[in-house]
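>>> Compute the structure for the input listed below.
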Amino acid sequence: GTVNSQFSLTHVKRLGDAITQLKSNRFDVALLDLTLPDSDGLGSLDALIHDAPDLPIVVLTSTNDDELALDAVRHGAQDYLVKRQVNLDILVRSVRYAIERKQAAVALREVNETLELRVEERTAALATANESLRQEIESRESIQNRLGLAQKAGKIGTFEWNLLTDRVTWSIELEALYGLAPGSFDNSHAQWLDTIYPEDRPKVEAELSKSRQLRQGLDLEFRIVDSDTSIQWIAIKSNIFLDR
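Predicted structure coming up:
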């Protein structure tokens with residue numbers, strides 16, 4: 001059946017006049033003749049899209065050229081009509097289709113732009129977080145380096161002894177006090193006990209046992225035999241930290 005629709009049509013003969021109208025008035029769709037006095041072919045379509053990117057466009061031509069139709073759609077037109085084949089029903093359907101398709105395309109574009117913006121914001125936030133983390137790592141490394149220098153200057157070393165796993169972490173500076181290379185104590189206390197002067201070892205082992213039973217830190221002095229077999233005095237002061 002016939003489609004009953006009403007249109008308010010603004011007719012101009014030149015593309016320049018059409019663009020002027022678009023600057024001062026709102027239109028739902030444009031019917032673009034590809035043969036105009038001041039423009040011709042797909043150049044007219046490109047110019048109109050440039051000035052009104054969100055306006056649905058139906059191209060009108062007097063030539064039944066499928067290749068031109070395809071090019072027009074590729075350039076951004078929503079539909080293509082041959083003048084001699086157009087009747088009211090075809091025109092109305094084409095206009096409605098063009099409006100709906102353009103609205104969907106604009107909505108999709110806006111969604112994509114929003115997603116891209118969110119991705120950019122998230123990427124920027126991650127970059128900022130990564131930079132903060134890098135600075136924190138550098139700061140901690142700097143603090144650790146200064147601590148190492150201070151321990152070397154003061155002939156001090158540190159250790160952490162996990163009483164549940166019996167794993168000991170020795171600082172490089174502490175192993176150096178015994179004249180040993182880093183890692184020589186191998187995260188245990190057995191190799192460390194072997195360095196203690198034999199006469200002092202029973203006292204040290206007794207203090208270790210007492211410390212573990214009473215959950216109190218060590219405070220003792222003892223002799224060691226370092227890597228060049230010389231005897232030195234070592235002092236230990238420690239605290240025990242309980243999880244609960």
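>>> residues near Lys102, how many?
Number of residues near Lys102 (other Cβ atoms under 10 Å) recorded here: 20. For glycine as for every other residue, the C-beta is placed from the backbone atoms N, C-alpha and C.
>>> and stretch 231-243, how far out from the chain's middle?
Counting by Cα atoms, centre = their mean, to the nearest Å, stretch 231-243 is centred 45 Å from the centre of its parent chain.
>>> So which bits of that stretch are buried?
The neighbour-count check on stretch 231-243 (16 or more other Cβ atoms under 10 Å) flags Ile234, Ile236 as buried.
>>> how about the helices in the protein?
15-24, 42-51, 66-75, 88-153, 172-177, 190-194, 201-214 (DSSP state H).
>>> any idea of the mean pLDDT for the second one?
Put plainly, it is helix 42-51. Averaged over helix 42-51, pLDDT sits at 88.
>>> buried set for that helix?
Neighbour count says helix 42-51 has Leu42, Ser44, Leu45, Ala47, Leu48, Ile49 buried, by 16+ other Cβ under 10 Å.
>>> who are the neighbours in contact with the fourth one?
Read that as Ala47. Leu15, Ile19, Ser39 (Cβ atoms under 8 Å, 6 or more residues apart in numbering).
>>> Could you do the second one as well?
Contacts for Ser44 (Cβ under 8 Å, 6+ apart) come out as Leu15, Leu32, Asp33, Leu34, Leu36.
>>> you'd agree the second one is up against Leu42?
To tie it back to what came earlier, the one meant is Leu32. No: under the criterion of Cβ atoms under 8 Å, Leu32 is not in contact with Leu42, lying 10.3 Å apart.
>>> Grab the most central residue of the protein for me.
Thr123 (3.4 Å; Cα atoms, centre = their mean).
>>> roughly how far apart are it and Ala129?
11 Å (Cβ to Cβ, to the nearest Å).
>>> List just the nearest of the contacts of Ser44 to Arg167.
Leu32 (79.5 Å; Cβ to Cβ).
>>> Quick check: that closest one vs Gln21, distance?
13 Å.
>>> Please identify which of those two sits among more neighbours.
Neighbour totals were compared for Leu32 and Gln21, and Leu32 leads with 22 against 14 (other Cβ under 10 Å).
>>> how far away is that one from Ala18?
Counting by Cβ to Cβ - Leu32 and Ala18 are separated by 8 Å.
>>> between the two, what contacts are shared?
Leu48.
>>> What part of the chain, helix or strand, is modelled with the least confidence?
strand 39-40 (a mean of 75; mean pLDDT, DSSP states H and E).
>>> What strands flank it, and is each parallel or antiparallel?
In the sheet, strand 39-40 lines up against strand 35-36 (antiparallel) (DSSP bridges).
>>> Average pLDDT for the strand it pairs with, rounded please.
80.
>>> Identify the residues contacting that strand?
By Cβ under 8 Å, 6+ apart, the residues outside strand 35-36 that reach it are Lys13, Arg14, Leu15, Ser44, Thr61, Ser62.
>>> One more pass at 6 Å, please.
Leu15, Ser44 (Cβ atoms under 6 Å, 6 or more residues apart in numbering).
>>> Please apply the same query to stretch 99-110.
Asp28, Val29, Asp54, Pro56, Gln78.
>>> What subset of these is buried?
Among these, the ones that count as buried by 16+ other Cβ under 10 Å are Val29, Pro56, Gln78.
>>> Thr61 contacts Leu34, correct?
Yes: the pair Thr61 / Leu34 is scored as a contact, 4.9 Å apart, by Cβ atoms under 6 Å.
>>> Please tell me how far Gln232 sits from Ala107.
Counting by Cβ to Cβ, the gap from Gln232 to Ala107 is 80 Å.
>>> Dihedrals phi and psi, Leu218?
Main-chain dihedrals, Leu218, degrees, to the nearest 10: phi -90, psi 150.
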